[in-house]
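Asker: coordinates only, sequence not included:
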């Protein structure tokens, strides 16, 4: 017998005395529990309670078990929504498959349980699709081809009226530096077929509302995926006098969707009448809280998470502007330092002495960026940071109460 546990799995040491030498379906250990919200599986799956946690044990071929173990660990490292893998057990005896051990997602539900017990008097189709589409897009942005995207292979957590989706099964998945169009479309087409089939199964069991058409739901999933992918990755031509404000608007929408921007690239759009720039955005998924660390590393500025996200967007926009203006690639560290000296510091140094302390400097700069966007949206043209800051100091900052931040 051979046990392989990842570092978080050391908390599951109490599992070591389970009857691993016997087929999983024959186990009668007192720690085995039933999970009513579990989904369907092609393999034998049992659940064990140990040390205050519940673990899912799945019996499958050793090669697949080892591969899924590695992929789930990698997803965890990338900060992607997936179940936490605990370990893999191999060499259990002749003609007995390996067992993959994962930590069960507390308070999670399967799609079947959600349809069987709808909350709020309505079926959950729209919210399930939104959550699944967001999960699939996040995986694809990270170069992860699922190969078996379905409602059955996903667990859902309630999230303030919506759902958060987590990948459960990664047997057929592949991880690449990036995905081709063909790989993405294969995943999406397969998901459409699987989702429609799963909903037909619900219909046969009397769990699907009569106004839900499984085929239409499958097609709707594709439309939602394509809409989100397009918003995150499409190229866009920007007129010369709207560049900064249009970039800011696009980055704002991407952030509101829960995604982050890694890079903004601008190049002259010579093939477009009237000129302008062609904008390409590289979007990626990031771990919560990482923006503060990145901003501090690049600029030395301490900020809250949302502040840091906003400032990093401005750095990315400024870098794209520099590269287009100078006609060459600008290293990230150079762009960050020039942004600090040419954009950020002039604004905070211009804060009137009598208003200094109303808000911290990073918050002031963030609000200046917001004010710049508002003025540009109102006028329909780019308003520079200097002009926006001047207007902000005259008309907005004086209205901030002096004791708002507790500064004496």
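Answerer: Okay, I see it. Computed from a prediction, not measured in an experiment: that's the story for all the values here.
Asker: chain center to the host helix or strand of residue 247: distance?
Answerer: The secondary structure element spanning residue 247 is helix 243-256 (assigned by DSSP states H and E). Taking CA atoms, centre = their mean, to the nearest Å, one finds the center of helix 243-256 at 18 Å from the center of the full chain.
Asker: helices or strands up against that helix?
Answerer: helix 214-233, strand 236-238, strand 260-268, strand 277-284, helix 305-326, helix 361-379 (3 or more CB pairs under 8 Å, 6 or more residues apart in numbering; DSSP states H and E). C-betas here are computed from N, CA, C, even on glycine.
Asker: Contacts made by that helix with the rest, please.
Answerer: For helix 243-256, the external contacting residues (CB atoms under 8 Å, 6 or more residues apart in numbering) are 231-232, 236, 238-239, 260-261, 264, 266, 276-277, 279, 281, 283, 309-310, 313, 316-317, 320-321, 369, 372-373, 376-377, 381-384.
Asker: again, only this time at 6 Å
Answerer: Helix 243-256 has contacts (CB atoms under 6 Å, 6 or more residues apart in numbering) with 238, 261, 313, 317, 373, 376, 382.
Asker: Identify each buried residue in that helix, please.
Answerer: 243, 244, 245, 246, 247, 248, 250, 251, 254 (16 or more other CB atoms under 10 Å).
Asker: next one: stretch 43-55
Answerer: 43, 44, 45, 46, 48, 50, 54, 55.
Asker: Would you mind giving those as CSV with distance to residue 357 added?
Answerer: Formatted as CSV, those follow (distance: CB to CB, whole Å):
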residue, distance to residue 357
43, 62
44, 65
45, 59
46, 61
48, 57
50, 54
54, 51
55, 53
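Asker: Mind checking which of those residues are in strands?
Answerer: Secondary structure assignment by DSSP state E places 45, 46, 48, 50, 54, 55 of those in strands.
Asker: nearest residue to the first one other than its sequence neighbours?
Answerer: Read it as residue 45. Distances taken as CB to CB, 6 or more residues apart in numbering place residue 58 nearest to residue 45, at 5.0 Å, with adjacent residues excluded.
Asker: do the second one as well
Answerer: Spatially, and ignoring its direct neighbours in sequence, residue 46 is nearest to residue 57 (5.0 Å; CB to CB, 6+ apart).
Asker: The fifth one too?
Answerer: Of all residues not flanking residue 54 in the chain, residue 104 sits nearest, at 4.0 Å (CB to CB, 6+ apart).
Asker: pretty sure that neighbour contacts residue 56?
Answerer: Yes. Between residue 104 and residue 56 a contact is recorded at 5.1 Å, counting by CB atoms under 6 Å.
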